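Enquirer: Fold the following.
(chains A, B, C and D)
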Protein chains: 2
Amino acid sequence: MDTSSIEMPKTVLFDREDVLSNVTDLFWQKGYNGTSMQDLVDVTGLNRSSIYNTFGDKFQLFEESLRFYQMTQNDLLRKTFSQAKSPKKAIMSLFRGISDDIKAGNQKGCMLTACTSELGSEQPQIRDFLVENKDRLVASFTALIEGAQQLGEISSDKEPGTLALFLFSALQGLRVTSMIEPDLEDVTEQILSIL
Amino acid sequence: MDTSSIEMPKTVLFDREDVLSNVTDLFWQKGYNGTSMQDLVDVTGLNRSSIYNTFGDKFQLFEESLRFYQMTQNDLLRKTFSQAKSPKKAIMSLFRGISDDIKAGNQKGCMLTACTSELGSEQPQIRDFLVENKDRLVASFTALIEGAQQLGEISSDKEPGTLALFLFSALQGLRVTSMIEPDLEDVTEQILSIL
DNA sequence: TCATATTTGAAACGTTTGTTTCAAATAATA
DNA sequence: TATTATTTGAAACAAACGTTTCAAATATGA
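Expert: Numbering: from 1, shown residues only, chains lettered A, B, ... in the order given. Below is the predicted model:
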């Protein structure tokens, strides 16, 4: 047993973002129920009391890590959209980017999708968060589709809201399926062919 | 505490299918890690030792309940397909049936989808089972699409295998999304419009 | 330099986890 | 009817669970 003394200052040593990033990856991989407090201690390198002090209990930490994940995803989304040359290309770029990720071996699925399955029907607060996330993403898609329709990129006889919800659903499907099937490029093109 | 004596015969009292059905519903709803042995004792009405005697440990019971779920789903699939008047209508009927179910409040998602998220990246045996299930369903879809193409119901310039995997992915998406969005009829029609 | 505020590490808390044990119970067989 | 094979119920198991406690440690502000 190594009992070498370690410095213990008053101010926080760790970077909150770093810790949250590691915690999120773990929850993402193993789910809420599959992750133990000991796992969290191991992955953060923090003491139990520090975790409770900083983040509250396990459930609160999970909620914060959900928000962290959502933020990260949103940043990626915004970046992808802002780099695209048109609304339709923004959507295509998003889907193809995910498809490329999957092919490159990034087959962890989507944390929110996994969370929907695990806790969506049990925890009302989690469910509310997921519903809100869905609404927000569908709203983004809708705006892009409307923009594309004005530009003539997408046929105007399709209802933007329906198309947006279809894209959301297809995205969920892609990410779940990616866990057992790495080659989804053709499927992605099928999805985009609807636009 | 009710200690009224209960008959204890040598032969098994309970119906194995009944027990499995209840167990499966519970695993479906709460996931593997979310379901405790006590939960299983409660839902089955059996004693712990009877469960271990009959099904082995928790993991083996889960595997058997996965197979039970798969069997049930396959029966439903076969029934739907055999009642349809053409290959394309078989596929449409499957998707619309699920969409109707969702609208009717049956929003439990798909047990295999949930399982994919929870254990797909951890347990190799579960993963193999899920991959095999996917392959089987995609093969069914492929056969139906090829049949439909021969009948001229579906355009022949589309690759049956790709279309089949698209349908599989779309199905996963529908069932995950159903947990947070009950109205998926329009989305379902969008999916089917690809055929 | 001293008092204060806060974090840290280690230990312990009571529950719940999955699993095993074993005597009592009982239907079937001889 | 006596024996046998098997199931049942209740208790107990060690291990892991999430959480709390608290003295020791230390950077900060007076």
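
Enquirer: Low-confidence stretches in chain A?
Expert: With pLDDT under 70 as the threshold, chain A has low-confidence stretches at A:1-13.

Enquirer: Locate the residue of chain A found nearest chain B within the secondary structure: which element?
Expert: Using Cβ to the nearest Cβ, the closest approach of chain A to chain B is made by residue A:173 at 2.6 Å. The C-beta positions use only the backbone N, C-alpha and C, and glycine is treated the same way. Assigned by DSSP states H and E, residue A:173 belongs to helix A:160-177.

Enquirer: okay, the angle between that helix and helix B:160-177?
Expert: For helix A:160-177 and helix B:160-177, the angle between their directions (axes from the mean of the first three to the mean of the last three Cα atoms, to 10 degrees) works out to 100 degrees.

Enquirer: From the contact counts, what lies against helix A:160-177?
Expert: The helices and strands touching helix A:160-177, judged by 3 or more Cβ pairs under 8 Å, 6 or more residues apart in numbering or on different chains; DSSP states H and E, are helix A:87-103, helix A:111-119, helix A:124-150, helix A:185-192, helix B:111-119, helix B:160-177, helix B:185-192.

Enquirer: list the buried ones in that helix?
Expert: Across helix A:160-177, burial judged by 16 or more other Cβ atoms under 10 Å in any protein chain shown covers A:160, A:162-177.

Enquirer: And for stretch A:141-155?
Expert: A:141, A:142, A:144, A:145, A:146, A:147, A:148, A:149, A:153, A:154.

Enquirer: Tell me if it is near chain B.
Expert: No. Under the criterion of Cβ under 8 Å from any Cβ of the partner chain, stretch A:141-155 makes no contact with chain B; the nearest approach is 12.2 Å.

Enquirer: Contact partners for the residue lying closest to residue A:28 once chain neighbours are set aside?
Expert: When the adjacent residues along the chain are set aside, residue A:28 lies closest to residue A:111, with 4.3 Å between them (Cβ to Cβ, 6 or more residues apart in numbering or on different chains). Contacts here follow Cβ atoms under 8 Å, 6 or more residues apart in numbering or on different chains; on that basis residue A:111 touches A:24, A:27, A:28, A:66, A:69.

Enquirer: next SSE after the strand or helix carrying the second one?
Expert: To tie it back to what came earlier, the one meant is residue A:27. Residue A:27 belongs to helix A:16-30 when assigned by DSSP H and E. The C-terminal neighbour of helix A:16-30 among helices and strands, as given by DSSP H and E, is helix A:37-44.
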